[in-house]
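In: Just the structure for this:
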Amino acid sequence: MDNQFFERPILNSPYELPARHWELNPQGQPTQQIVESRRRAEFDAPLIDAQRQPSATSDGVKAIVAAAKGQYQMLYALLAGCGPLRAGEALGLEIDKHISSDFHTLTVTQKAKRGIIQPYLKTKNGIREVDLCPSLAAMLKEYVGLRTSGLLFCTNEMKHVKGGFNIFRRFRHSP
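Out: Presented below is the predicted three-dimensional model:
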């Protein structure tokens, strides 16, 4: 049996608006006919009800940072206070390469994923400088101490701290 739908499922260019589609029967199965118009949206994806997205108030974030200890306290403070900083980007920061001498600016150029430094970011436009407020810069300076190089967040053996987890999960409580 000739089944054009499976032999050539993509009809439109990814660089142009869709102009045609495979016709589907009421059960959502292909009829092998090409229709010269855009598909009606009800066949593409189901509508999703509102989803619960965990978030914290400013008091909640303060409590999370206060409850954390050591490098986790610094990590959580940076993530909460920097705005556009992903956990993997924070775990990829190196003291001598990515932190300004006055501790007020982070240069984001790499990330860490599953314990491996990746010399690229999620997008090409992700390379940026992030300014820290004076209190966060002072906290960072105290945390770095006398270290002058190496990863900002590392184990006692100076190995990379592995991410890839929801770092706030331990502080989240279900209602």
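In: what about the closest residue to Lys111 other than its chain neighbours, which SS state?
Out: Closest residue to Lys111 apart from its sequence neighbours, by C-beta to C-beta, 6 or more residues apart in numbering: Gly88 at 4.0 Å. Every residue, glycine included, has its C-beta placed from N, CA and C. For Gly88, the secondary-structure state derived from DSSP: H, G, I helix; E, B strand; the rest coil is helix.
In: burial of Gly88, as a residue count?
Out: 18 (other C-beta atoms under 10 Å).
In: Might one say that it is in contact with Ala112?
Out: Yes: A contact is recorded between Gly88 and Ala112 when judged using C-beta atoms under 8 Å, the distance being 5.4 Å.
In: Tell me which residues touch Lys124, please.
Out: When contacts are counted by C-beta atoms under 8 Å, 6 or more residues apart in numbering, Lys124 touches no other residue.
In: hey, where'd the strands end up in this structure?
Out: 21-24, 30-35, 105-108, 111-113, 116-118, 128-131 (DSSP state E).
In: Just send the ones you listed back as JSON lines, with mean neighbour count and mean pLDDT too.
Out: Shown next, in JSON lines, are the strands of the chain (neighbours: other C-beta atoms under 10 Å; pLDDT from 0 to 100):
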{"stretch": "strand 21-24", "mean neighbour count": "16", "mean pLDDT": "88"}
{"stretch": "strand 30-35", "mean neighbour count": "13", "mean pLDDT": "91"}
{"stretch": "strand 105-108", "mean neighbour count": "18", "mean pLDDT": "94"}
{"stretch": "strand 111-113", "mean neighbour count": "20", "mean pLDDT": "88"}
{"stretch": "strand 116-118", "mean neighbour count": "12", "mean pLDDT": "87"}
{"stretch": "strand 128-131", "mean neighbour count": "14", "mean pLDDT": "92"}
